[in-house]
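Asker: requesting a structural model of the entry that follows:
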Amino acid sequence: MNRFFLLFTILINSLYAFSQNSIHYSISVPSPKTNSYEVSMAIKGIESDTITLKMPQWHPGYYQIMSYGKDVKNLNLVTGKKSTAQVEQANFNTWNIFGITSGEITVKYQIQTHREFVANSYVDKNRAYIIPENTFLYIPGKLNISPTVEIDLPEIWSSIATGLQKTSSKTYQAEDYDILYDSPILLGNLESLPAFEVGGKKHQFIGYNIGEFDKELFNSRLKDVVQTASDLIGDIPYEEYTFIGIGAGRGGIEHLNNTTVSFDGNQLKTEKDYNRVLNFLAHEYYHHYNVKRIRPFELGPFDYENGNRTHMLWVSEGLSVYYEYIITKRAGIANDEMFLSNLSHDITELENNPGKNYQSLAESSFYTWRDGPMGTSGSDPEKAISYYIKGPVVGLLLDLAIRNATENEKSLDDVMRLAYFRFYKDKNRGFTDSEFNSLCEEVAGAALTEIFEYVYTTKALNYDKYLSYGGLKLEKSESSEKTIYQLTIDNNASDRQKEILNGIVGE
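Answerer: Numbering: from 1, shown residues only. So this is what the prediction gives:
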């Protein structure tokens, strides 16, 4: 009994000591023209004379090692005259601090930016795009601390866009480090489009240098995207959502209550342009469901040092591509021709890639850390594929298989809804590979063995079999460079086939 009491007391004291830690960051941009910004980190409640600080190695949503620690410059301790604390850099993303006597320290450092990209911080004279993983050092083992962030906005800039919770005019707070690292920050003279409501929740597009285009039309179509995607799942889990345009560049990254996207509205000239951009935004928005909440088991808690490998990015990314096509079609933004053209492009890219005979869809997910998301940066790009390309193709075949097995009563939509409510809402965790496969078969009421062979092996896809369920055909033609594949609607499709296709496209 005494031993139990002693252990219990130690546990309570250690939890109390943990709760007493506080971390406060300050960000300033004193000289934007240097492409850098400054960070201070004040830590209180330290109960040891030594602590370790690390910079994350990667950014969830972009599955490659980014080595953010190499951007840290001039890290120094801010100490009083009697302090004996010293800092020693152990490697490019790790610093050890010794001789702490007062229970608190402050470190200051600069972040040097060098690349306009959605997964990198970038500063110039016009704006600062701040990636949290590229900015905030953390204490290993203390990612549950609730940090605060103070942002000193330069006088030449007027706006801040971030998903962080605002607590005062300059200060923001995150529940823990997963939330902090999920909340990018954009500073500058930003332009906001009128906010709109979906499901009683506020949504807004705000960005830097967003360009000249029909903003009323764009905003209306963006609302249609949000409405269609949220109707598909049947729940809106955030209080407010922000689309953050970071300017020209490449890429987009999803977050729980926002997305950061490269955006240039000057490119919005034709219906094809709108389709392309709104596909992109639909993809990033749908991600707040699929990967941020409907997630593979391995993607949480995050290992910011080593990364989190999974075989299931074909679901998280590949099916999000499939649903970006579906969302824009059901929202009335894309027509049948655009919808089929998007999938035809993916089939063409897949079937002309020799990597399809060497790497499975599941392997492309696992090895994205080596090969890159498009499968082109590994040691032999001709032996790799992209889950962004094969994923939506298999998604189409999976959807058709479920609809055919259930007389069009059930679909992949039901799988995604069930995954959301069963694993995220009820169990508050991700799903395993086998759980997702079982979920698909549960909805279908039948085995889907061949479909999963398309995921875990390099077996050739039987297009004719599955496309026929929805009255679709795949036509081939030859060009000087490759074979072109084109999905078309069979004019002789039966009523049942038409119903299945209409179920997919929302007609």
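Asker: how about stretch 401-412: buried residues?
Answerer: When neighbours are counted by 16 or more other Cβ atoms under 10 Å, the buried residues of stretch 401-412 are found to be 401-406, 408, 410-412. Every residue, glycine included, has its C-beta placed from N, CA and C.
Asker: swap in stretch 35-51?
Answerer: In stretch 35-51, counting by 16+ other Cβ under 10 Å, buried: 35-39, 41-43, 46, 51.
Asker: kindly reformat the buried residues of stretch 401-412 as TSV containing distance to residue 217 and secondary structure.
Answerer: What follows is the buried residues of stretch 401-412, written out as TSV (distance: Cβ to Cβ, whole Å; DSSP: H, G, I helix; E, B strand; the rest coil):
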residue	distance to residue 217	secondary structure
401	37	helix
402	35	helix
403	33	helix
404	38	helix
405	40	helix
406	38	coil
408	34	coil
410	35	coil
411	30	coil
412	30	helix
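Asker: could you give the number of residues near residue 264?
Answerer: By other Cβ atoms under 10 Å, 16 other residues sit near residue 264.
Asker: before we move on, back to that, which one of the buried residues of stretch 35-51 is nearest residue 135?
Answerer: When the buried residues of stretch 35-51 are compared for distance to residue 135 (Cβ to Cβ), residue 39 wins out at 6.0 Å.
Asker: and residue 253, bridged to which residues?
Answerer: In this entry, residue 253 is beta-bridged to residue 260, by DSSP bridges.
Asker: ok, residue 160 next?
Answerer: Beta-bridge pairing for residue 160 (DSSP bridges): residue 187.
Asker: so how far is residue 34 from it?
Answerer: Computed as Cβ to Cβ, to the nearest Å, the residue 160 to residue 34 distance reads 20 Å.
Asker: next: residue 121.
Answerer: 13 Å.
Asker: can you give me the strands in the stretch 201-350 of the chain?
Answerer: Assigned by DSSP state E, counting those that start in this stretch, the strands in the stretch 201-350 of the chain fall at 201-207, 240-245, 252-254, 258-261.
Asker: low-confidence ranges, the stretch 251-400 of the chain, go.
Answerer: Applying pLDDT under 70 to the stretch 251-400 of the chain picks out residues 377, 379.
Asker: if we go to 90?
Answerer: Where the stretch 251-400 of the chain drops to pLDDT under 90, the residues are 370-382.
Asker: returning to that earlier point: more crowded one of residue 121 and residue 34?
Answerer: With neighbours defined as other Cβ under 10 Å, residue 121 and residue 34 compare such that residue 121 has more, 25 against 14.
Asker: what sits against the more buried one?
Answerer: 37, 71, 111, 113, 128-131, 134-135 (Cβ atoms under 8 Å, 6 or more residues apart in numbering).
Asker: try residue 50
Answerer: By Cβ under 8 Å, 6+ apart, residue 50 lies in contact with 96-100.
Asker: run through the chain and note the low-pLDDT ranges.
Answerer: Residue ranges of the chain with pLDDT under 90: 1-21, 47, 79-85, 101-102, 169, 248-250, 370-382, 480-481, 507.
Asker: so who does residue 185 touch?
Answerer: So residue 185 contacts 27, 128-130, 132, 149, 151, 160-162, 164 (Cβ under 8 Å, 6+ apart).
Asker: and the protein, split by domain according to the record?
Answerer: Here the domain assignment for the chain is 23-183, 190-288, 298-507, based on automatic domain parsing.
Asker: so how far is the first residue of the shortest one from its last?
Answerer: Okay, so that is domain 190-288. This stretch, domain 190-288, spans 23 Å end to end (Cα to Cα, to the nearest Å).
Asker: and what of the last one?
Answerer: Using Cα to Cα, the span of domain 298-507 from its first residue to its last is 37 Å.
Asker: got it, and stretch 422-429?
Answerer: For stretch 422-429, the end-to-end distance is 9 Å (Cα to Cα).
Asker: tell me the buried residues in that stretch?
Answerer: 423-424.
Asker: repeat that for stretch 389-400.
Answerer: Applying a neighbour-count criterion of 16+ other Cβ under 10 Å, the buried positions in stretch 389-400 are 389-400.
Asker: keeping just the C-alphas, turn the helix or strand hosting residue 365 into CSV.
Answerer: Following DSSP states H and E, one finds residue 365 within helix 361-366. These are the backbone C-alpha positions of helix 361-366, laid out as CSV (Å, rounded to 0.1, in the frame of the first residue of the first chain):
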residue,chain,number,x,y,z
LEU,A,361,0.0,1.5,-55.2
ALA,A,362,0.7,0.7,-51.5
GLU,A,363,4.4,0.8,-52.1
SER,A,364,4.2,4.2,-53.8
SER,A,365,2.7,5.5,-50.6
PHE,A,366,5.3,4.0,-48.3
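Asker: against which helices or strands is it packed?
Answerer: The contact analysis (3 or more Cβ pairs under 8 Å, 6 or more residues apart in numbering; DSSP states H and E) places helix 361-366 against helix 387-405, helix 449-456.
Asker: who's in contact with residue 403?
Answerer: Applying Cβ under 8 Å, 6+ apart, the residues near residue 403 are 410-411, 469-470, 500, 503-504.
Asker: now with 6 Å, please.
Answerer: 411, 500 (Cβ atoms under 6 Å, 6 or more residues apart in numbering).
Asker: can you check residue 89 too?
Answerer: Counting by Cβ under 6 Å, 6+ apart, residue 89 makes contact with residue 95.
Asker: and the one 4 residues further on, by the same measure?
Answerer: Applying Cβ under 6 Å, 6+ apart, we find residue 93 in contact with 54-55, 69.
Asker: where does the spatially closest residue to it that is not a sequence neighbour land in three-state SS?
Answerer: With sequence-adjacent residues excluded and distances taken as Cβ to Cβ, 6 or more residues apart in numbering, residue 93 is closest to residue 69, at 2.6 Å. Under DSSP: H, G, I helix; E, B strand; the rest coil, residue 69 falls in the helix class.
Asker: residue 296 touches residue 312, doesn't it?
Answerer: Yes. With contact defined as Cβ atoms under 6 Å, residue 296 counts as touching residue 312 (3.8 Å).
Asker: who has more neighbours out of those two?
Answerer: More crowded of residue 296 and residue 312, by other Cβ under 10 Å: residue 312, with 26 against 23.
Asker: ok, that one - contacts?
Answerer: Contact analysis of residue 312 by Cβ under 6 Å, 6+ apart lists residue 296.
Asker: kindly report the same for residue 274.
Answerer: Counting by Cβ under 6 Å, 6+ apart, residue 274 makes contact with residue 268.
Asker: shared neighbours of residue 121 and residue 34, anything?
Answerer: Counting by Cβ under 6 Å, 6+ apart, residue 121 and residue 34 have no shared contacts at all.
Asker: number of nearby residues for residue 220?
Answerer: By other Cβ under 10 Å, 11 other residues sit near residue 220.
Asker: from residue 214, how far off is it?
Answerer: Applying Cβ to Cβ, the value for residue 220 to residue 214 is 9 Å.
Asker: ok, for residue 95, nearest residue in space, not its chain neighbours?
Answerer: Nearest to residue 95 is residue 53, by Cβ to Cβ, 6+ apart, at 4.7 Å.
Asker: looks to me like the one you found is in a helix.
Answerer: No. Checked against three-state DSSP, residue 53 lies outside a helix; its state is strand.
Asker: and it, how many neighbours does it have?
Answerer: The number of residues packed near residue 53 is 24, by other Cβ under 10 Å.
Asker: give me the nearest residue to residue 78, chain neighbours excluded.
Answerer: Spatial nearest neighbour of residue 78, chain neighbours left out: residue 106 (4.2 Å); criterion: Cβ to Cβ, 6+ apart.
Asker: following element in sequence after the helix or strand where the one you found lies, please.
Answerer: If you go by DSSP H and E, residue 106 is part of strand 104-112. Next helix or strand after strand 104-112 toward the C-terminus (DSSP H and E): strand 122-123.
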